[in-house]
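> Structure here, sequence nowhere to be found:
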């Protein structure tokens, strides 16, 4: 528990004058963050456990928009997801001055984050443009990440290893290229569980299962970086 003393008025000034404009927070995200910071840091608690439905009820939203707002706040570093279970979400709530993207030098750093070779690969949303999505497909070399079958380009799709409903990000660490069949069958299951299911069905050999589980670990550790060829199409949105 964080017992650090701080000025609540100053926190709200930072929220309104710095965090909202720099992160371009929509009204829903602002309401969710305000509620969470009010019931955590302003009460001298670093962490807060809550359910999406409970959060939505308190700020008069439906569950879907509240869940998406939490996901976006996690992506922007305003929240750190510690645990997700049947009891709800456990998050660390960061004050505006603790959020890297809201600091004074964040504007230049944020611009650099989308330029290959500037060290900002971790910040890139790989779903934002066709070129970035293709970089993930190219990394897998036309092979389905899950079942290891060669897949024609028209049958390839991107899958979130940690599903979006569980706050999975659009990071290169959380996206893989796979066939349509695996994408459909995996659904919201954890990737490890789905790979074990493929093994039980005889679609993966024991050595292949071991290799795929090791690949999952390498992916999460940031060891499977896609190759970005240049700036040309990285910011251009497309199909």
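Arrived safely. Computed from a prediction, not measured in an experiment: that's the story for all the values here.

> Distance-wise, check residue 97 relative to residue 76.
Distance, residue 97 to residue 76, using C-beta to C-beta, to the nearest Å: 14 Å. Where C-beta positions appear, they are placed from N, C-alpha and C, glycine not excepted.

> In terms of neighbours, single out the busier of these two.
Remark: of residue 97 and residue 76, residue 76 carries more neighbours, 21 against 13, as counted by other C-beta atoms under 10 Å.

> and residue 75, what does it touch?
Applying C-beta atoms under 8 Å, 6 or more residues apart in numbering to residue 75 gives the contacts 169, 170.

> Show me how the protein divides into domains.
Following the assignment in automatic domain parsing, the chain carries domains at 8-102, 114-220.

> so how far is the first one from its chain's centroid?
In this case it means domain 8-102. In terms of C-alpha atoms, centre = their mean, to the nearest Å, the centre of domain 8-102 is set 15 Å apart from its chain centre.

> same deal with stretch 161-172?
For stretch 161-172, the separation from the chain centroid amounts to 5 Å (computed by C-alpha atoms, centre = their mean).

> In the protein, what helix or strand scores lowest on average pLDDT?
Ranked by mean pLDDT, DSSP states H and E, the helix or strand of the chain with the weakest confidence is helix 106-112, at a mean of 43.

> For the domains of the chain, give me JSON lines that also has mean pLDDT.
Listed next are the domains of the chain as JSON lines, based on pLDDT from 0 to 100:
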{"stretch": "domain 8-102", "mean pLDDT": "87"}
{"stretch": "domain 114-220", "mean pLDDT": "88"}
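
> Take those and write them to CSV, including distance to residue 226.
Below are the domains of the chain laid out as CSV (distance: least, C-beta to C-beta, whole Å):
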stretch, distance to residue 226
domain 8-102, 18
domain 114-220, 4
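
> Those: which one's closest to residue 227?
Closest to residue 227 of those, according to C-beta to C-beta: domain 114-220, at 6.6 Å.

> returning to what we had before: show me what counts as buried in whichever helix or strand comes after the least confident helix or strand of the chain.
Later in the chain than helix 106-112, the nearest helix or strand by DSSP states H and E is helix 130-140. Neighbour counts over helix 130-140 (16 or more other C-beta atoms under 10 Å) mark 131, 132, 133, 134, 135, 136, 137, 139, 140 as buried.

> Ok, which of the domains of the chain comes nearest residue 228?
When the domains of the chain are compared (using C-beta to C-beta), the closest one is domain 114-220, at 3.7 Å.
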